[in-house]
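**Q** Sequence first, then the predicted structure, then my questions.
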Amino acid sequence: MIQVHIGQIKLNVFHSTNLKGSDVIFIMETTDRKNLSTEQQNVNSYAIDDKTISEILEIINNEDQSIAKKVNAAISEIEETVELTTEAIRNGNRVVYVGAGTSGRLGVLDASEMPPTYSVPGDWFNGIIAGGDDALRRSIEGAEDQPDAAINDLKDFGLSKGDVVIGISTSGAAQYVKASIEYGKSIGAKTVYLICNEKPFLSADADIVIKVDTGPEVITGSTRMKAGTATKMVLNMISTATMVRLGKVYGNLMVDLMAVNDKLVDRGTRIIENLTGVDYNIAQSKLFEADKSVKTAVVMIIKNCSKDEAVKMLEVEDGFLRRVIE
């Protein structure tokens with residue numbers, strides 16, 4: 001097969017030995033951005049500028065309600081991704097979200113929430129955005145079109161074999177993301193491509209492709225809306241399921257939270273109170289005795305043991321509280 005590009009049209013040219021002479025087969029594939037579903041006009045919001053505020057909000061809300069079902073259709077690929085991320089972290093490797101614009105910001109957001117919520121090392125989940133940290137607060141036009149910058153950023157990060165690169169690109173048109181996936185693949189990292197179209201504008205040889213076809217936006221092309229919502233949902237699912245599988249949750253309680261402020265000290269105390277049956281004051285006292293580790297405090301109370309003994313029990317069970325107390 002060879003590829004011939006004519007303007008925005010790509011021809012895949014196949015020669016077949018089953019045909020006579022030099023007959024060839026042409027399969028035409030458009031690469032025009034206008035054919036992406038996220039670039040189409042939404043028929044439900046054609047006249048949104050002529051609506052009341054209430055009607056505008058109803059249109060937006062009605063469109064948003066379709067997103068959960070779209071995400072559900074990609075559950076199997078998200079499950080495969082969680083298997084990759086869980087295995088990587090167990091083996092001492094890391095997960096890296098890479099994106100541009102809204103996609104990059106959502107990746108950084110999800111990664112930054114992991115340490116305070118689950119008391120995990122800051123490098124388990126990481127976010128890299130095209131244009132660097134400045135792009136978190138302001139749009140840096142053209143950053144997504146710089147593939148070399150992606151490779152340099154990943155080299156500076158120290159990406160290595162066994163890490164997982166999750167490239168996020170709503171349209172699959174960010175060269176920065178495509179290059180990140182391809183560089184990761186070339187050094188032995190596992191790769192995932194998260195897009196919000198049926199097919200990406202730029203294909204990449206990723207181990208897993210998560211496709212959430214969110215369709216036309218309320219405001220044409222404004223993928224910070226439905227596509228952004230879908231992206232946030234998928235990233236939440238990946239990171240949360242990974243933490244559950246790594247023993248960072250007991251029941252549905254965040255027993256590994258980092259009690260770094262008054263709100264989290266209170267939440268941690270109530271979790272201890274809930275799981276052990278002691279009153280609030282005793283629970284909080286044990287929390288501080290356990291160096292603000294909820295999980296350690298729970299074991300200390302239920303097993304009537306010292307902090308060091310509780311820590312050792314948890315280490316033996318890889319941090320899974322259920323295995324220790326049940």
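**A** Structure received.

**Q** okay, and for the stretch 1-150 of the chain, where does confidence drop off?
**A** Across the stretch 1-150 of the chain, the stretches falling below the confidence threshold (pLDDT under 70) are 1-31.

**Q** In the protein, which residue is most central in space?
**A** Against the mean C-alpha coordinate of the chain, by Cα atoms, centre = their mean, the closest residue is residue 235 at 2.8 Å.

**Q** now the host helix or strand of that residue: how far from the chain's centre is it?
**A** When secondary structure is defined by DSSP states H and E, residue 235 falls within helix 226-245. Centroid displacement of helix 226-245 relative to its chain, using Cα atoms, centre = their mean, to the nearest Å, is 5 Å.

**Q** repeat for stretch 34-51
**A** Per Cα atoms, centre = their mean, the centroid offset for stretch 34-51 relative to its chain is 27 Å.

**Q** Repeat that for stretch 184-195.
**A** Centre-to-centre, stretch 184-195 and its host chain are 13 Å apart (Cα atoms, centre = their mean).

**Q** go on, stretch 66-82?
**A** For stretch 66-82, the distance from its own C-alpha centre to the chain's C-alpha centre is 12 Å (Cα atoms, centre = their mean).

**Q** Just the buried residues of that stretch, please?
**A** Residues of stretch 66-82 classed as buried by neighbour count (16 or more other Cβ atoms under 10 Å): 67, 70-71, 74, 77-78, 81-82. From N, CA and C alone the C-beta is placed, and that goes for glycine too.

**Q** Contacts made by the next helix or strand after the helix holding residue 235 with the rest, please.
**A** Note on helix 226-245: by DSSP H and E, the next helix or strand toward the C-terminus is helix 262-276. Residues outside helix 262-276 that contact it (Cβ atoms under 8 Å, 6 or more residues apart in numbering) are 116, 250, 253-255, 257-259, 278-280, 283-284, 286-287, 292, 294, 297-298, 301-302, 325.

**Q** Write the PyMOL selection for whichever of those residues are buried.
**A** Entered in PyMOL, the line below selects the buried ones among those, by 16+ other Cβ under 10 Å:
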select buried, resi 250+253+254+255+257+258+259+278+283+284+286+287+292+294+297+298+301+302+325
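
**Q** Tell me which stretches of the stretch 51-200 of the chain form helices.
**A** In the stretch 51-200 of the chain, the helices defined using DSSP state H, counting those that start in this stretch lie at 53-64, 67-72, 75-90, 101-112, 114-118, 147-157, 175-186.

**Q** Return the set of buried residues in stretch 161-173.
**A** Of the residues in stretch 161-173, those buried under the neighbour-count criterion (16+ other Cβ under 10 Å) are 163-173.

**Q** still on that earlier bit, could I get the buried residues of stretch 66-82 as CSV with distance to residue 222?
**A** Compiled in CSV, the buried residues of stretch 66-82 are given as follows (distance: Cβ to Cβ, whole Å):
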residue, distance to residue 222
67, 14
70, 17
71, 19
74, 22
77, 25
78, 24
81, 26
82, 29
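
**Q** Nearest to residue 227 among these?
**A** Using Cβ to Cβ, residue 67 comes nearest to residue 227 of these, at 8.8 Å.

**Q** just checking, the closest one touches residue 215?
**A** No: distance between residue 67 and residue 215: 9.5 Å, which falls outside the contact criterion (Cβ atoms under 8 Å).

**Q** Identify the contacts common to the two.
**A** residue 226.

**Q** Having no further points to raise, I will conclude here.
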